[in-house]
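Chemist: Make a model of this:
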Amino acid sequence: MAIDYGKPLEPRGPVMYTVKDDGLPLRNRKEPITLEVIHEMALKVRNWGKWGPNDEIGTLNYATPDMVAKAAKLVRHGKTFPLAIPLGMDGPQTGNRGRNNPVLLMRHSGADAYSGLRDGSGIRGADDWLITPLQAGTHWDSLAHIFYIDRMWNGYDCREVYSWGAKKCGIEKTGAKATGRGVLLDIPRWKGLDALADGTPITPDDLDACAEAQKVKVGTGDFLIVRTGQMEAYNKRGSWGTYAGGDAPGLQFETAEWLHKKQVAAVATDTWGCEVRPNDAPGIYQPWHWVVIPNMGLTMGEIFNLKALAEDCADDKVYEFMFVAPSIPVAGAVGAPVQPVAIK
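Modeler: Okay, the predicted model is just below:
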């Protein structure tokens with residue numbers, strides 16, 4: 001099957017596109033991921049029209065108010081675990097793809113106050129600016145972040161993202177929907193490791209086996225948090241190195257179908273890009289992204305700090321919790337910083 005990436009998609013409409021689920025794998029996993037394989041998977045997991053022709057938040061719709069209420073009952077001890085890294089110049093970014101680390105600028109400092117420069121305003125104090133790419137630290141990707149050919153989530157034309165921002169599927173549309181039951185799958189601890197080696201794929205079978213070992217189920221409306229240990233491994237070395245954009249453990253391409261069947265609300269990991277790198281897709285950059293964001297409508301979180309949460313879950317053997325993670329509502333943004341909090 002040849003795919004003409006210069007040819008526009010069919011006109012957008014409320015219809016859902018599906019392919020026959022015959023239970024057969026789309027590829028032999030020893031073979032590379034091709035454009036044809038990506039297209040087949042895209043159709044297999046496509047949710048366009050599922051929540052109506054005007055939907056802009058995709059799988060976050062699975063997290064219903066009833067599920068949020070049930071998740072609140074998981075809070076038993078009041079223990080809170082912030083999952084974000086600090087936004088600062090010592091972050092992981094290298095300038096690759098135009099992403100630099102945040103710069104904090106003190107517009108008015110303590111020295112200004114001490115010298116009396118602001119006495120005319122009637123108050124002494126400090127004021128600051130933050131200059132940053134919106135995906136430099138812990139963040140959610142919006143559904144306007146990745147396009148499939150010339151379409152984004154729900155079939156919207158990619159040209160709905162203008163130089164001044166996204167008219168459709170901007171991060172502000174998610175509101176407080178990133179709230180509900182969180183589930184941690186601690187893959188390296190389950191395997192008896194401190195961290196997975198870079199390039200290690202996490203397969204659907206791994207996700208199932210880890211969940212079974214941890215006695216937790218992943219289901220509709222859950223916020224799935226997957227630990228690889230990569231962030232901790234780099235922190236132990238004392239340098240971010242190639243963490244941002246380099247090789248990494250992560251979700252295998254085939255997990256797209258697993259996530260689709262589980263109907264999770266969102267997924268997040270402690271890596272720069274969620275999916276395994278290298279991607280086993282010569283000449284194709286981030287193929288899993290192509291499938292899950294614009295086709296499935298899956299919100300994904302990256303650069304989550306999971307160390308303290310994982311240690312607590314290992315101690316009390318409880319891998320589910322209340323999860324609250326609304327992003328900064330930057331109007332028209334295709335991603336934004338977040339301070340996720342797990343509450344147990």
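
Chemist: Alpha carbons of the helix or strand bottoming out on mean pLDDT in the chain, as PDB, please.
Modeler: Across the helices and strands of the chain, the lowest-confidence element by mean pLDDT, DSSP states H and E is helix 110-115, at a mean of 87. What follows is helix 110-115, C-alpha atoms only, in PDB (Å, rounded to 0.1, in the frame of the first residue of the first chain):
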ATOM      1  CA  GLY A 110      16.300  42.800  45.800                       C
ATOM      2  CA  ALA A 111      19.300  45.000  44.800                       C
ATOM      3  CA  ASP A 112      16.900  47.400  43.100                       C
ATOM      4  CA  ALA A 113      14.800  47.600  46.200                       C
ATOM      5  CA  TYR A 114      17.900  48.100  48.500                       C
ATOM      6  CA  SER A 115      19.100  50.900  46.300                       C
END
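
Chemist: does Ala336 count as helix, strand or coil?
Modeler: Classification of Ala336 using DSSP: H, G, I helix; E, B strand; the rest coil returns strand.

Chemist: circling back to that earlier point, the helix or strand following the least confident helix or strand of the chain - what's its average pLDDT?
Modeler: Going down the chain from helix 110-115, the next helix or strand is strand 127-131, by DSSP states H and E. Computed over strand 127-131, the mean pLDDT rounds to 93.

Chemist: Partner strands of strand 127-131, with direction?
Modeler: Sheet pairing here is set by DSSP bridges, and for strand 127-131 it gives strand 103-108 (antiparallel).

Chemist: now the closest residue to Ala197 other than its chain neighbours: how far from Lys191?
Modeler: The shortest distance from Ala197 to any residue that is not its chain neighbour, by C-beta to C-beta, 6 or more residues apart in numbering, is 6.6 Å, and that residue is Pro249. Every C-beta, even on glycine, is put in place using the N, C-alpha and C of the backbone. Here the distance between Pro249 and Lys191 works out to 11 Å (C-beta to C-beta, to the nearest Å).

Chemist: Ok, Cys313 next?
Modeler: Looking at Cys313 against Lys191, where the rule is C-beta to C-beta, the gap reads 15 Å.

Chemist: now do Gly98
Modeler: In this structure, Gly98 lies at 35 Å from Lys191, with C-beta to C-beta as the measure.

Chemist: Which one of those two is surrounded by more residues?
Modeler: In this comparison of Gly98 against Lys191, neighbours counted by other C-beta atoms under 10 Å, the higher total goes to Lys191 at 16 against 7.

Chemist: What does the more buried one show for phi and psi?
Modeler: With angles defined as degrees, to the nearest 10, Lys191 shows backbone torsions of phi -90, psi 0.

Chemist: And it, what's its pLDDT?
Modeler: We have a pLDDT of 98 for Lys191.

Chemist: Over to Met1?
Modeler: At Met1, the predicted lDDT confidence score is 45.

Chemist: Kindly report the same for the one 5 residues further on.
Modeler: At Gly6 the predicted local confidence, pLDDT, stands at 46.

Chemist: Over to the one 3 residues further on?
Modeler: Reading off the confidence values, Leu9 has pLDDT 56.

Chemist: The nearest residue to Asp128 once chain neighbours are set aside and Gly122: what is the separation?
Modeler: What sits nearest to Asp128 in space, not counting adjacent residues and going by C-beta to C-beta, 6+ apart, is Met106, at 5.1 Å. As for Met106, its distance to Gly122 is 20 Å (criterion: C-beta to C-beta).

Chemist: circling back: any idea how many residues pack against the residue nearest to Ala197?
Modeler: Applying the criterion other C-beta under 10 Å, we find 26 residues in the vicinity of Pro249.

Chemist: Just list the residues touching it, thanks.
Modeler: When contacts are counted by C-beta atoms under 8 Å, 6 or more residues apart in numbering, Pro249 is found next to 187, 195-202, 228-230, 271, 276.

Chemist: Alright, I will stop here.
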